[in-house]
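> what follows is a predicted structure for the sequence shown.
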Amino acid sequence: MKNSGSTYSALVIGATGSIGSAFVRVLKRDTSCLHVIELSRQSVPALNLESEQSIAEAAQSVAQYGPFARIIDATGALTLDGQGPEKSLSALNADHMMRSFQINAIGPALVMKHFIPLLDGKSRAIYAKLSARVGSIGDNKKGGWYGYRSSKAALNMLLQCAAIETLRKKPEALFVALQPGTVASALTTPFVRQEDCLTPEDAACAMLRAMDALKVTAGAQFIDYAGQPIPW
Ligand SMILES: NC(=O)c1ccc[n+]([C@@H]2O[C@H](COP(=O)([O-])OP(=O)(O)OC[C@H]3O[C@@H](n4cnc5c(N)ncnc54)[C@H](OP(=O)(O)O)[C@@H]3O)[C@@H](O)[C@H]2O)c1
């Protein structure tokens, strides 16, 4: 992996997920990567997106392995409490929408708050958040999936704000919202034939390549696994 020819440390949040665990496996094969730190609801300490205290404690506990040249937040949820995405306005439910915003936007924003300070400020470093193409307002041609789509759109704005603020102090930092492709995972199992999906490892490898090819810009970038830009 490209990182000025030197060694680096990486951190994966949501390391138990299909895509998160694939990132961990791929990064562990990279001989330039000294540490791959894994955080999740199952790690010690545990990181739960619904508890800022757990996020803060997790950040504190891994700071000794930083600064990080790669921080990848691969958390997220589509089906919540057994309830899938809404197909119509009539299906909207406030509690379900709030949970979606909590897991897909607010929790990840608190992760940014506590983990962006651990991003390397002296050389090229990337903060990546798994977003989703369906979070693009410009690309929305089909509608539906109200809570998931809008929580990912909110996430993208939160990442953009964090990028603009951080770049004032860490001008070599990159911030990227990622569309991983349609990947075989627990999240997609109810919606698509898994044999028609990318494998998590192929998706992770492609996203790492796409991240390596990014150039520093004035804010966050929204791209797919092939490195193609997606309209916000
Ligand atoms: N798969 C796709 O085709 C696809 C397409 C577009 C976008 N994405 C995005 O890619 C990301 C990863 O998706 P995936 O397919 O790998 O899904 P996944 O296998 O279901 O993984 C989701 C991850 O999020 C974590 N998570 C959920 N709620 C959490 C909470 N309250 N606190 C801490 N962690 C929590 C899960 O932890 P636990 O193991 O503890 O549940 C798991 O590590 C998501 O943001 C998703 O929206 C995926």
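Perfect, thanks for sending it.
> buried set for the longest helix seen in the chain?
Across the chain, the helix with the greatest residue count (assigned by DSSP state H) is helix 146-167. Under the neighbour-count criterion of 16 or more other CB atoms under 10 Å, helix 146-167 has 146-156, 158-160, 162-163, 166-167 buried. No exception for glycine: its C-beta is placed from N, CA and C like everyone else's.
> could you dump that helix to CSV, C-alpha only?
Included here for helix 146-167 are C-alpha records, laid out as CSV according to Å, rounded to 0.1, in the frame of the first residue of the first chain:
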residue,chain,number,x,y,z
TYR,A,146,-36.0,7.1,3.7
GLY,A,147,-34.2,6.5,7.0
TYR,A,148,-31.1,4.8,5.6
ARG,A,149,-30.7,7.2,2.6
SER,A,150,-31.2,10.4,4.7
SER,A,151,-28.9,9.2,7.6
LYS,A,152,-26.1,8.5,5.0
ALA,A,153,-26.7,12.0,3.5
ALA,A,154,-26.4,13.5,7.0
LEU,A,155,-23.3,11.4,7.6
ASN,A,156,-21.7,12.7,4.4
MET,A,157,-22.4,16.3,5.5
LEU,A,158,-20.9,15.6,9.0
LEU,A,159,-17.8,14.1,7.3
GLN,A,160,-17.5,17.2,5.0
CYS,A,161,-17.7,19.5,8.0
ALA,A,162,-15.1,17.5,9.9
ALA,A,163,-12.8,17.5,6.9
ILE,A,164,-12.9,21.2,6.4
GLU,A,165,-12.2,21.9,10.0
THR,A,166,-9.4,19.3,10.3
LEU,A,167,-7.7,20.4,7.1
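> that one packs against which elements?
Applying 3 or more CB pairs under 8 Å, 6 or more residues apart in numbering; DSSP states H and E, one finds that helix 146-167 makes contact with helix 94-101, helix 107-115, strand 125-130, strand 173-179.
> which one, of those, ends up nearest to E38?
Checking the helices and strands packed on helix 146-167 against E38 by CB to CB gives helix 107-115 as the closest, at 13.5 Å.
> how far away is A77 from K152?
Going from A77 to K152 by CB to CB, to the nearest Å gives 11 Å.
> list residues touching both of those two?
In the contact map built from CB atoms under 8 Å, 6 or more residues apart in numbering, the residues linked to both A77 and K152 are N104.
> so what's the residue count around S90?
Neighbour count of S90, defined by other CB atoms under 10 Å: 6.
> now do it against the ligand, distance only.
Counting by CB to the nearest ligand atom, to the nearest Å, the gap from S90 to the ligand is 24 Å.
> can you tell me the SS state at that residue?
Going by DSSP: H, G, I helix; E, B strand; the rest coil, the secondary structure assigned to S90 is helix.
> for N93, which residues are in contact?
Contacts of N93 (CB under 8 Å, 6+ apart): Q83, E86.
> repeat that for 10 Å
By CB atoms under 10 Å, 6 or more residues apart in numbering, the contact list for N93 reads Q83, E86, R99, Y146, G147.
> same thing with C33?
Counting by CB under 10 Å, 6+ apart, C33 makes contact with M1, N3, T7, Y8, S9, A10, V26, L27, A69, R70.
> which ones among those lie within helices?
Per DSSP H, the contacts of C33 map to helices at V26, L27.
> among the contacts of C33, which pair sits farthest apart?
Using CB to CB, the pair of the contacts of C33 lying farthest apart is T7 and V26, separated by 16.3 Å.
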